[in-house]
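Colleague: please work out how this folds:
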Amino acid sequence: MNKYFLFSFLLFGILWSCSDSELITPGDEYLTVIEPGTYSVNVDGVLEDFSYVTNAGSADESFINGNSMSGKNITLTIPENLSTGVFGHIDGARVTINFGADGIYTNLDAAGEILPLNINITQVNNSVGIVSGTFEGTIFNPVSGATKILTDGQFYMIQFEPTESMDRILKANFNDTPFDFSVGAKATGVATAAVISGFNVDQVQNLSITVPGGIAVGSYNEEDEFVIQVQLGTSSNPNDIYTNYNATTDEYLPVTLNITQITADVGGRVKGNFSGTITKFVNGAATEEIEITNGEIDVPVLVP
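Modeller: Modelled structure (predicted):
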């Protein structure tokens, strides 16, 4: 079981871990499929479904909203941009639930003390604008004095407006699913090559494009022996790399890099596009092939 099997897409292209040799393992047929847009929680052991209308927003005060068909609604908030991690009441996590006739509950008690709440955001994809996670806690109604317990709360693939780096762009579609590597994206020169690289914070991946001998305005392909590589940012294991270069056979899968502009002044930039085929080579044998399309480059040039 390879925990980091990159780019195997399920349910709108969101990454999941799976085996290199099979997509379905024994027992998978009994798993409950969670529909995108699901937003629910058990309140004192009774299921409340807020999936009728959902939305979210990522900003200095981020929110995840849900509404039921009967007019009830829930809002989870954290005091920062949406990101993966556990956010507790001591971190500023808040919940408000309007139960209609039963009143409005929050995680503040009668004395204004913050009640326990944990929001575990397990997935954020800023490129396509989705957030998933779980939550649990305690809520209180100051009018009735009633307290309720929240358990097994979940929100899955709730949509929000995608964000995009305005300073630099390094992104592409991988098997038609967009991935953004614009964080820290740059073009640099090393002793024998030019490297365009960036980081994807949502899937913790590094993308690099390495061109032997440097780059100039023009087109490159596999015959120029340039390498596209995607690797987990937390791993140094060669088996966690997807690339167009087979180091065992010294062969290259088809790839294209078009450099359309290079400015060499202060604040210089490299612009272009790329596409091609990458895979994970295991002992020289290709596994699943990934098609890269609509690759876009607009990054600053940094002198190492």
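
Colleague: scan the protein for its longest strand.
Modeller: When every strand of the chain is counted residue by residue (DSSP state E), the longest turns out to be strand 285-300.

Colleague: tell me the average confidence for that one?
Modeller: Mean pLDDT, computed over strand 285-300, is 92.

Colleague: could you pull out the buried residues of it?
Modeller: Of the residues in strand 285-300, those scored as buried under the neighbour-count criterion (16 or more other Cβ atoms under 10 Å) are 287, 290, 292, 295-299. In short, each C-beta sits where N, CA and C put it, glycine included.

Colleague: mind checking which helix or strand of this structure has the lowest mean pLDDT?
Modeller: Ranked by mean pLDDT, DSSP states H and E, the weakest helix or strand in the chain is strand 9-10, scoring a mean of 32.

Colleague: got the phi/psi numbers for Phe179?
Modeller: Its backbone dihedrals place Phe179 at phi -130, psi 140, with angles given as degrees, to the nearest 10.

Colleague: cool, and His89?
Modeller: Dihedral pair for His89: phi -60, psi -30, per degrees, to the nearest 10.

Colleague: residues in contact with it?
Modeller: By Cβ atoms under 8 Å, 6 or more residues apart in numbering, the residues touching His89 are 107, 114-118, 137.

Colleague: low-confidence stretches in the chain?
Modeller: Under the criterion pLDDT under 70, the flagged ranges of the chain are 1-32, 127, 163-166, 190-191, 232-239, 265-267, 303-304.

Colleague: skip the chain neighbours and tell me the closest residue to Asn125.
Modeller: Once its chain neighbours are removed from consideration, Asn125 has its nearest residue in Asp202; the separation is 4.7 Å (Cβ to Cβ, 6 or more residues apart in numbering).

Colleague: cool, and Phe135?
Modeller: When the adjacent residues along the chain are set aside, Phe135 lies closest to Gly153, with 3.9 Å between them (Cβ to Cβ, 6+ apart).

Colleague: Ile90 now?
Modeller: Leaving out its chain neighbours, the residue that sits closest to Ile90 by Cβ to Cβ, 6+ apart is Ile114, at 7.4 Å.

Colleague: now Gly214
Modeller: Once its chain neighbours are removed from consideration, Gly214 has its nearest residue in Ala194; the separation is 4.6 Å (Cβ to Cβ, 6+ apart).

Colleague: same thing with Asp49?
Modeller: Beyond its immediate neighbours in the sequence, the residue positioned closest to Asp49 (Cβ to Cβ, 6+ apart) is Ser40, lying 4.8 Å away.

Colleague: for the stretch 51-200 of the chain, what spans make up the helices?
Modeller: Ranges of helices in the stretch 51-200 of the chain, per DSSP state H, counting those that start in this stretch: none exist.

Colleague: quick one: buried residues of stretch 37-55?
Modeller: Judged by neighbour count using 16+ other Cβ under 10 Å, the buried positions of stretch 37-55 are 37-41, 43, 48, 50-51, 54.

Colleague: just the residues contacting stretch 157-164, thanks.
Modeller: By Cβ under 8 Å, 6+ apart, the residues outside stretch 157-164 that reach it are 11-12, 14, 36-39, 54-58, 64, 66, 82, 126-132, 180, 182.

Colleague: hmm, try it at 10 Å
Modeller: Residues from elsewhere that reach stretch 157-164 (Cβ atoms under 10 Å, 6 or more residues apart in numbering): 11-12, 14, 34-39, 51, 54-59, 62-66, 76, 81-82, 123-133, 171, 178, 180, 182.
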